[in-house]
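In: 3D model of this:
(one chain, ligands or ions: 1)
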Amino acid sequence: MTMTKAAAAAPSGPSAQIEIGNVGKVYGTAGDGAVIALDGVSLTIARGEFVSLLGPSGCGKSTLLNILAGFQPATTGRILQDGHPITGPDPSRTVVFQDYALFGWMTVQKNVEFGLKAKGVGRAERAERARALIDTVRLTGFEDKYPHEISGGMKQRAAIARALAPDPDILLMDEPFGALDAQTRVLLQEEIARISSEAGKTVVFVTHGIEEAVFLADRVVVMSPRPGRIREEVLVPLPRPRTAEMRSDPWFVSTVSELWETLKPDWQKEEEVS
Ligand SMILES: Nc1ncnc2c1ncn2[C@@H]1O[C@H](COP(=O)(O)OP(=O)(O)OP(=O)(O)O)[C@@H](O)[C@H]1O
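Out: Predicted coordinates:
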């Protein structure tokens, strides 16, 4: 493999924002069909870093993201944000899911404002901040539409704006473009590449799309299935902002193909099981 292995270069010290130390997750109890979803996962993520968690279905990506979000606890190990244990959900970390998770009875504008209201931001400021974010995700003109009136891609733009509204430190994204058609997916990848560079957020992006993982990330963390472990890390040397032409960069093309060769056996196994 000619890919850059990142283990030695993983961020640590004062710039580390997330520290995942030897995390394990077991669903169920021993002897009762227990599933070891994660085993000995250690990862340090720097402030402002964009990390893709890449792996086939069932390797524990969503489990790790849910633990980071504070939706569920790890069975073993520790997870720190800025040196403090993550013990539950917090507005400093927001999540974008695959299925949009917008409130169907609220307009785009009200959906984006939602997190700001919970934070106690006043009505006028809420409206202004939501409008600015709607502009950032290029939905201006659709503020008064309800989710059922807009396309899947637009819904996901609104979900991204809503996740950015509370000005989180960390944006967690769980296969956010998984339900979109191929063209819309590429467009949204370019949008999130732009938005994350501009906003300077720490992003953890779960995907089983190899191209997507490499195109977006500063570092791709490749996971192996059952029990989920970190198999390798790839540092992405492409400059920011990422642009469409970088998809034909020789390093990009060869890295995507090498990752595919690495992961193919896991995908084939998954295919046989399902
Ligand atoms: N609540 C649960 N109870 C029991 N087993 C679970 C639960 N959630 C996940 N699992 C199992 O844990 C393993 C990891 O699941 P997880 O959803 O984290 O993987 P993933 O890599 O995100 O997969 P996918 O891409 O399909 O979402 C899988 O074998 C899954 O069946």
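
In: alpha carbons only for contacts and neighbour counts from here, please
Out: Fine.

In: okay, now the domains of this protein?
Out: If you go by automatic domain parsing, the domain ranges for the chain are 45-74+84-92+169-273, 103-167.

In: how about TSV for the ones you listed, with mean neighbour count and distance to the ligand added?
Out: Output for these, formatted as TSV (neighbours: other CA atoms under 10 Å; distance: least, CA to the nearest ligand atom, whole Å):
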stretch	mean neighbour count	distance to the ligand
domain 45-74+84-92+169-273	18	3
domain 103-167	19	18
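
In: of the ones you listed, which is nearest A16?
Out: Closest to A16 of the domains of the chain, according to CA to CA: domain 45-74+84-92+169-273, at 4.2 Å.

In: give me the contact list for stretch 152-167.
Out: 91-92, 94-96, 100-102, 108, 111-116, 119, 129-130, 133-134, 136-139, 147, 171, 176-177, 179-180, 184-185, 188 (CA atoms under 8 Å, 6 or more residues apart in numbering).

In: how about T243, nearest residue that isn't a chain neighbour?
Out: In space, T243 comes closest to E190 once its chain neighbours are excluded; the distance is 7.0 Å by CA to CA, 6 or more residues apart in numbering.

In: and the next helix or strand past the helix or strand hosting that neighbour?
Out: Element membership for E190, per DSSP states H and E: helix 182-199. Sequence order places strand 202-207 as the next helix or strand after helix 182-199, per DSSP H and E.

In: could you look up the SS state of A37?
Out: Under DSSP: H, G, I helix; E, B strand; the rest coil, A37 falls in the strand class.

In: wait, doesn't it sit right on S57?
Out: No - using CA atoms under 8 Å, A37 makes no contact with S57, being 11.4 Å away.

In: surely M106 and Y146 touch.
Out: Yes - assessed by CA under 8 Å, M106 is found in contact with Y146 at 6.2 Å.

In: picking up where we left off before, what's the helix holding E190 packed up against?
Out: The contact analysis (3 or more CA pairs under 8 Å, 6 or more residues apart in numbering; DSSP states H and E) places helix 182-199 against helix 152-164, helix 210-216.

In: residues contacting the residue nearest to T243?
Out: Contacts of E190 (CA under 8 Å, 6+ apart): R242, T243, A244.
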